[in-house]
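Q: Sequence and predicted structure below; questions after.
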Amino acid sequence: MYLNRLLNTACWLTAMLAISAQAAERPRIVGIANIAVKVDNLDEARRFYSGVLGLAEAFQTRDTEVAGSLACFKVNDHQYVEVSPTLQSETEDRLIRIGFETNDARGLRGYLAGKGVPVPSRIGKDANGNRSFVVKDPDGHAVEFVEYLPGSLHSRNFGRHLAGTRIADHMLHVGVRVVDPVKADGFYKDILGFRLQWKGGMTDDRVEWIAMMVPDGYDWVEYMVTQTTPTPQQLGVLHHYCLGTLDAQKVYQTVVARGYKPPREPAIGRDGRWLVHLYDRNYTRTEIMVRKPVETPCCSPNLDDFKQ
């Protein structure tokens, strides 16, 4: 009898440990899924995102936090720029959310709940037929995690709307304003497992940009560190996304030929990479980057382990 109790207790403890280990295991976060922004005129936005950047407007998406639908401009089958014509004021933040792809949205929700992050009580299919949920990072930015499901709006359009006019076919990173990098690290690094790629600033003694790569891929979120309150135009620079290219000069020539004159010609940034900066009418920045540095980065080593 006593031996049976011991065996039963041991089996129970083993089961509990297995459940605990499963709950503690973070599902994969494989890359950037989207960035959603506000504009005041959708036709003007189409002229920029389709006419200048060459992205196809693939379909309309729905988001419970946004009135109406969002025009969805396709970078590739897993990455999208979503645009909502709901900007009401010059002082309003243009950023709606950033999004990352996971292989298990339900599991990730449970993992985050176990880490004390406020999460929805449950996850079903969203309005687009995927599993997704939104949390807030320490700076109050909406961060979506999405698992693309068979039969969803996105998966039904895999292989479609991949315009040959695209100036790039991959979104390398998204950028958000961060006031306190230590608090941001508590979420992105300590809980989600993001890893440092590079950090630096306009001068060698300042850290204004911190690139943190997703734990199970090679895209990243960029902390745009500033304690001062930015103007709407400055906020459009901070809240941005970046498209990768192998030829910044060619991209520059292409957008000029399409009638858009960037504010500056291509230049090598402080991270040693070629960069071009483009802006929609409401100041949201599209950064164009050649990922492989051509000069030694300032400030810190580049820890990017992506195979070029």
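A: Noted; the coordinates are in hand. Residues are numbered from 1 along each chain as shown.
Q: Every contact and neighbour count from this point should use C-alpha atoms.
A: Noted.
Q: residues near the nearest residue to Gly129 once chain neighbours are set aside, how many?
A: Excluding its sequence neighbours, the residue lying closest to Gly129 (C-alpha to C-alpha, 6 or more residues apart in numbering) is Ser152, at 4.2 Å. Neighbour count for Ser152, taken as other C-alpha atoms under 10 Å: 16.
Q: who's in contact with Ser152?
A: 128-130 (C-alpha atoms under 8 Å, 6 or more residues apart in numbering).
Q: The helix or strand where Met224 lies: how far from the chain's middle?
A: Per DSSP states H and E, Met224 falls inside strand 220-225. From the chain centre to the centre of strand 220-225 is a distance of 10 Å (C-alpha atoms, centre = their mean, to the nearest Å).
Q: Which parts of that strand count as buried, going by neighbours?
A: 220-225 (16 or more other C-alpha atoms under 10 Å).
Q: Now do that strand: everything it contacts.
A: Counting by C-alpha under 8 Å, 6+ apart, 31-32, 172-181, 207-214, 238-239 sit against strand 220-225.
Q: That one - what's its average pLDDT?
A: Averaged across strand 220-225, pLDDT comes to 98.
Q: Please, where are all the strands along the stretch 51-200 of the chain?
A: 56-62, 69-76, 79-84, 95-102, 131-136, 142-147, 171-178, 195-200 (DSSP state E, counting those that start in this stretch).
Q: which secondary structure elements does the first one contact?
A: When you say that, I think you mean strand 56-62. Other helices and strands packing on strand 56-62, by 3 or more C-alpha pairs under 8 Å, 6 or more residues apart in numbering; DSSP states H and E, are strand 69-76.
Q: Check the fifth one too.
A: The elements that strand 131-136 packs onto, with contact taken as 3+ C-alpha pairs under 8 Å, 6+ apart, are helix 105-114, strand 142-147.
Q: Taking strand 131-136 as reference, get the angle to the longest one.
A: In other words, helix 105-114. With axes from the mean of the first three to the mean of the last three C-alpha atoms, to 10 degrees defining the directions, helix 105-114 sits at 30 degrees from strand 131-136.
Q: just the last one next, same as before
A: Using the same axes, to 10 degrees, the interaxial angle of strand 142-147 with respect to strand 131-136 works out to 160 degrees.
Q: strand partners of strand 142-147, parallel vs antiparallel please.
A: strand 95-102 (parallel), strand 131-136 (antiparallel) (DSSP bridges).
Q: Quick one: closest of these to Pro297.
A: For those, proximity to Pro297 was assessed by C-alpha to C-alpha; strand 95-102 is nearest, at 26.7 Å.
Q: domain ranges for this structure?
A: Following automatic domain parsing, the chain resolves into domains at 29-156, 171-290.
Q: Mind putting the ones you listed into TSV with distance to Pro301?
A: As requested, the domains of the chain are arranged in TSV below (distance: least, C-alpha to C-alpha, whole Å):
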stretch	distance to Pro301
domain 29-156	22
domain 171-290	6
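Q: Any idea what the nearest residue to Glu265 once chain neighbours are set aside is bridged to?
A: Spatial nearest neighbour of Glu265, excluding adjacent residues (C-alpha to C-alpha, 6+ apart): Val276 at 6.7 Å. Legend: beta-bridge partners of Val276 under DSSP bridges are Ile288.
Q: Now that Val276 has come up, it's in contact with Pro263, right?
A: No: contact criterion C-alpha atoms under 8 Å: Val276 and Pro263 do not qualify, at 9.1 Å.
Q: Comparing those two, which shows the higher neighbour count?
A: For Val276 versus Pro263, neighbours defined as other C-alpha under 10 Å are more numerous around Val276 (23 against 10).
Q: Report the residue spans of the chain with pLDDT below the cut-off.
A: Scanning the chain for pLDDT under 70 picks out the ranges 1-24, 308.
Q: can you give me the helices in it?
A: 2-24, 42-46, 105-114, 153-156, 181-188, 232-238, 248-257 (DSSP state H).
Q: The biggest strand by length in the chain: how far from the chain's middle?
A: Longest strand in the chain by number of residues (criterion: DSSP state E): strand 29-38. Strand 29-38 has its C-alpha centroid displaced from the chain centroid by 4 Å (C-alpha atoms, centre = their mean).
Q: for stretch 95-112, same thing?
A: 11 Å.
Q: any residues touching it, and which ones?
A: For stretch 95-112, contacts defined as C-alpha under 8 Å, 6+ apart pick out 23-38, 78, 118-120, 122-123, 131-133, 141-148, 174, 191, 239.
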